[in-house]
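In: Need coordinates for the below:
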Amino acid sequence: MSKQVEISYRFDAPRELVFTAFTELEHLQNWWGPKGWTFDVAESDFRSGGVFHYNQKPADGDTMWVKFTYSEIITSEKIVYTSFFSNENGDTVRAPFDESWPMKTLNTMTFSEDQGGTTLIMTVAPVSPTEEEIQTFEASQEMVQAGFTGTFDQLTEYLTKI
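Out: As a prediction, the model looks like this:
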């Protein structure tokens, strides 16, 4: 197993459009998160040092708050952010689904042109994890892969509408 997950996804859309769908709230709120969940944004400040704070809720479950802190942005090429579960005030909390999930993950997304489309490579790695958090993360790699792939499938569908 690995201490990071790498997800590769190809979109049949120009790189600038895919990047815009990730960075502009008017687009992001239409496709981000698990299918069928509600999604509400508390704060969106897309810039290096900015934050994205939102909650998502399944039809039959509790609200989960998540916060990103952006550390690097290269327009149409790269987004780097740290993500963590939070409360409604934005304070870091343990993941609601597993107490031993890493407190924070570093997420790097690179966007490259690919024969008229866009290839996204995303890596997700725990930040300063304990041994128990590493084990949980490694055991959850298929879940992470499936979750992001499902979210990117929604973006694929959304891109046909804009």
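
In: quick one: low-confidence parts of this structure?
Out: 1-2 (pLDDT under 70).

In: can you give me the helices in it?
Out: 15-23, 25-28, 131-139, 141-159 (DSSP state H).

In: Mind checking those helices for the one nearest to Pro34?
Out: For Pro34, the closest of those is helix 141-159, at 6.5 Å, according to Cβ to Cβ. Where C-beta positions appear, they are placed from N, C-alpha and C, glycine not excepted.

In: out of the helices of the chain, nearest to Leu106?
Out: Minimum separation from Leu106 across those (Cβ to Cβ) falls at helix 131-139, 11.8 Å.

In: Check which helices and strands that closest one is in contact with.
Out: Packed against helix 131-139 by the contact rule (3 or more Cβ pairs under 8 Å, 6 or more residues apart in numbering; DSSP states H and E) you find strand 117-126.

In: measure the residue lying farthest from the centre of the chain to Pro34 for me?
Out: Farthest-out residue of the chain from its mean C-alpha position, per Cα atoms, centre = their mean: Gln115, at 24.9 Å. As judged by Cβ to Cβ, to the nearest Å, Gln115 and Pro34 stand 30 Å apart.

In: that older thread, got a markdown table for the helices of the chain, with mean neighbour count and distance to Asn89 too?
Out: Formatted as a markdown table, these follow (neighbours: other Cβ atoms under 10 Å; distance: least, Cβ to Cβ, whole Å):
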| stretch | mean neighbour count | distance to Asn89 |
| --- | --- | --- |
| helix 15-23 | 18 | 25 |
| helix 25-28 | 16 | 20 |
| helix 131-139 | 15 | 23 |
| helix 141-159 | 15 | 25 |
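
In: could those go into CSV alongside distance to Ser44?
Out: Compiled in CSV, the helices of the chain are given as follows (distance: least, Cβ to Cβ, whole Å):
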stretch, distance to Ser44
helix 15-23, 9
helix 25-28, 5
helix 131-139, 27
helix 141-159, 17
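
In: and of those helices, who's closest to Asp98?
Out: helix 131-139 (5.9 Å).

In: chain center to that closest one: distance?
Out: Here helix 131-139 is found 19 Å from its chain centre; the criterion is Cα atoms, centre = their mean, to the nearest Å.

In: what is the orientation angle of that helix with helix 141-159?
Out: 50 degrees (axes from the mean of the first three to the mean of the last three Cα atoms, to 10 degrees).
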